[in-house]
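Enquirer: Please find the sequence and the predicted model below.
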Amino acid sequence: MNNALLTQRLQQALGYTFLRPELLLQALTHRSYGAANNERLEFLGDSVLNCAVARALYDTFPDLPEGSLSRLRANLVRQETLADIAAALKLGDSLRLGEGELKSGGYRRPSILADALESLFGAVFLEAGFEAAERVVRGLFDPLVAQIDPRASGKDPKTQLQELLQARRLPLPTYQLVSTEGEAHDQSFVVDCVLAKPAFSARGIGKSRRAAEQEAARQACAHLQK
């Protein structure tokens, strides 16, 4: 698939079409590719993202105190979550990377994917203002906000599982990669979370290994809390 079709598909997934294609191109350019890269756009996009997600949480959970809202926001805007969203958008297919990053699989690296996603938010902000950028962010993050249980701690499943096992003085889990499926640009990872005591394993599938581990941990937590 050529670059024009890839970027068109990406814009459709974002729900936003750029009027200044040079901004989109810059947002997709890693520093390994050249001087006109996405680092400054990432700086802008990070602030847009934090503000938009904060507003989403503020509106959705009117009774939560500031500390709880801050924890929830931190969980949503961390690198792992951003990389998973970017992978779902197939953002890596459209990245412009230097030769070294291409050879080392940089288009799958969570840090590069997360930074590029923030850069896209920054590019939308520069072109069309905060409201347009907020709509893009909310389109991607509102489904995640809707899944939040406000009674939970806001911690990710792996952390919750670790603390649950530690509280019961049980051995910590191990995570085993079972398989990697699909083409290089559209892979799914299958991971087992293995508990020694009680003897149990839970399987998770995700667009990144970390996402699969989190899903497996979530399944394990649910099993232990029954």
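Expert: Arrived safely. Because the structure is predicted, anything quoted here is derived from the model rather than measured. Residues are numbered from 1 along each chain as shown.
Enquirer: The protein: strands as residue ranges?
Expert: 174-181, 188-195, 200-206 (DSSP state E).
Enquirer: Tell me which of the ones you listed sits nearest to residue 74.
Expert: Set against residue 74 and scored by CB to CB, the strands of the chain come closest in strand 200-206, at 20.2 Å. The C-beta positions use only the backbone N, C-alpha and C, and glycine is treated the same way.
Enquirer: Just checking: what are the partner strands of that closest one?
Expert: Sheet pairing for strand 200-206, assigned by DSSP bridges, gives strand 188-195 (antiparallel).
Enquirer: List the buried residues for the partner strand?
Expert: 189, 190, 191, 192, 193, 195 (16 or more other CB atoms under 10 Å).
Enquirer: lowest-confidence helix or strand of this structure?
Expert: When each helix and strand of the chain is scored by mean pLDDT, DSSP states H and E, helix 99-103 comes last, with a mean of 82.
Enquirer: contact partners of it?
Expert: Applying CB atoms under 8 Å, 6 or more residues apart in numbering, the external contacts of helix 99-103 come out as 30, 32, 33, 106, 107, 109, 112.
Enquirer: before we move on, back to that, quick one: the strands of the chain as CSV, columns for mean pLDDT and distance to residue 46 too.
Expert: Shown next, in CSV, are the strands of the chain (pLDDT from 0 to 100; distance: least, CB to CB, whole Å):
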stretch, mean pLDDT, distance to residue 46
strand 174-181, 92, 29
strand 188-195, 93, 27
strand 200-206, 92, 24
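Enquirer: Tabulate the ones you listed (TSV), appending distance to residue 217.
Expert: Converted to TSV, these look like this (distance: least, CB to CB, whole Å):
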stretch	distance to residue 217
strand 174-181	8
strand 188-195	5
strand 200-206	7
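Enquirer: Residue 119: which of these is closest?
Expert: With CB to CB as the criterion, residue 119 lies closest to strand 200-206 of the strands of the chain, at 23.1 Å.
Enquirer: for that closest one, which positions count as buried?
Expert: 201, 202, 204, 206.
Enquirer: so where is this protein shaky, pLDDT-wise?
Expert: 1-2, 151-154, 184-186 (pLDDT under 70).
Enquirer: Recalculate using a threshold of 80.
Expert: Residues of the chain that meet the criterion pLDDT under 80 lie in 1-6, 102, 106-107, 149-156, 182-187, 207, 226.
Enquirer: Mind naming the longest helix for it?
Expert: For the chain, the helix reaching the highest residue count under DSSP state H is reported as helix 39-60.
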